[in-house]
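Q: no sequence on this one, just coordinates:
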């Protein structure tokens with residue numbers, strides 16, 4: 001675990017996942033927004049659909065993306081946005097879209113609801129994994145020819161979307177997991193409670209539906225943004241540690257085109 005001692009200056013040297021070190025969070029959000037816009041414009045010019053896996057966390061790229069789409073009059077009519085995940089009630093149903101925790105509600109209010117309707121893709125092309133039919137997302141992605149770019153962040157235990165760390169699977173077995181309902185780990189519920197519930201861990205959902213790690217890793221590109229102090233250790237373990245289901249982000253070491261964008265806080269030395 002010597003990688004924990006890598007200084008901010010040395011972070012990225014010989015990394016098995018490229019790390020782009022930026023200054024403030026706004027720069028990271030801008031890079032992610034530009035990646036979204038550039039991919040869509042290139043596909044529109046080529047007459048091809050654009051398929052993204054999108055997060056609700058990080059989210060700072062969306063106001064920039066919305067502004068650029070509206071200003072540049074970029075059509076999203078041939079885009080498919082597959083959101084990564086959503087919280088579930090104890091009975092396995094979606095939490096209410098009106099909840100401040102709901103990812104469905106966030107996207108409706110802050111992304112789709114702010115894009116000019118003349119530019120917005122049809123509602124059936126704005127998808128979330130369905131706990132009643134988790135495999136539908138996987139089938140649609142295959143029918144569309146795969147994912148162009150997966151966007152996202154990294155959880156405190158290395159999770160991508162809500163593909164939580166597993167101790168009972170090999171890296172290869174874990175990488176084959178498709179979209180499914182999962183039980184959230186105490187680490188994830190704790191980390192998310194700090195930002196979303198004022199530290200009220202017991203108020204956090206215990207279940208979620210998540211797009212599969214298979215679908216995330218099969219994207220032609222993966223672009224991740226990290227911002228927090230605890231990301232200092234997370235990105236070092238992802239980029240330098242062993243490839244294992246114990247730390248899912250480490251699987252990106254085997255991806256042909258994955259990049260982590262880090263602000264100055266996340267690039268700092270852990271200890």
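A: On my side now, so go ahead. Values in this document were obtained by computation on a predicted structure and should not be read as measured data.
Q: buried residues, the strand or helix carrying residue 70. List them.
A: Counting by DSSP states H and E, the element that carries residue 70 is helix 61-72. For helix 61-72, burial by neighbour count (16 or more other CB atoms under 10 Å) applies to 61, 62, 64, 65, 66, 68, 69. (Each C-beta comes from the backbone N, C-alpha and C, glycine too.)
Q: again, but for stretch 232-248
A: When burial is assessed from 16+ other CB under 10 Å, stretch 232-248 yields the following buried residues: 232-241, 243-248.
Q: now, which of those lie within helices?
A: Using DSSP state H, the subset of the buried residues of stretch 232-248 located in helices is 232, 233, 234, 235, 236, 237, 238, 239, 240.
Q: and those, which is closest to residue 264?
A: Each of these was checked against residue 264 using CB to CB; the closest is residue 232, at 10.6 Å.
Q: quick check: pLDDT value at that closest one.
A: Here, the pLDDT recorded for residue 232 equals 97.
Q: again with residue 51
A: Taken from the predicted model, the pLDDT recorded for residue 51 is 98.
Q: phi, psi for it please.
A: Here is the backbone geometry of residue 51 (degrees, to the nearest 10): phi -120, psi 120.
Q: for it, give me its contacts.
A: Contacts for residue 51 were tallied using CB atoms under 8 Å, 6 or more residues apart in numbering; they are 79, 80, 82, 141, 144, 145, 146, 147, 148.
Q: apply 7 Å and report the result again.
A: With CB atoms under 7 Å, 6 or more residues apart in numbering as the criterion, the residues that contact residue 51 are 80, 141, 144, 146, 147, 148.
Q: give me the buried subset of the residues you listed.
A: Among the contacts of residue 51, those buried by neighbour count (16+ other CB under 10 Å) are 80, 141, 147, 148.
Q: please enumerate the strands of the stretch 151-271 of the chain.
A: Along the stretch 151-271 of the chain, counting by DSSP state E, counting those that start in this stretch, strands occupy 180-183, 207-210, 221-226, 258-262.
Q: out of those, which is closest to residue 27?
A: Distances from residue 27 to each of the strands of the stretch 151-271 of the chain were compared using CB to CB; the shortest belongs to strand 258-262, at 8.0 Å.
Q: tell me the contacts of residue 234?
A: If you count contacts by CB under 7 Å, 6+ apart, residue 234 has them with 154, 156, 158, 226.
Q: sorry, back to before: can you give the strand pairings for whatever helix or strand comes next after the helix holding residue 70, parallel or anti for each?
A: Tracing the chain C-terminally past helix 61-72 and defining elements by DSSP H and E, one meets strand 79-83 next. Strand 79-83 has the following sheet partners, assigned by DSSP bridges: strand 50-54 (parallel), strand 126-127 (parallel).
Q: closest one to residue 194 among those strands?
A: Between residue 194 and these, the tightest spacing by CB to CB is seen for strand 50-54, at 23.0 Å.
Q: and residue 201, how far from residue 212?
A: As for residue 201, its distance to residue 212 is 26 Å (criterion: CB to CB, to the nearest Å).
Q: what does residue 114 give?
A: In this structure, residue 114 and residue 212 are 29 Å apart, going by CB to CB.
Q: go on, residue 161?
A: Between residue 161 and residue 212 the distance is 8 Å, computed by CB to CB.
Q: more neighbours, these two?
A: For residue 161 against residue 212, the residue with the higher neighbour count under other CB atoms under 10 Å is residue 161, and the figures read 27 against 23.
Q: what sits against that one?
A: Applying CB under 7 Å, 6+ apart, one finds that residue 161 lies in contact with 84, 85, 152, 210, 211, 216.
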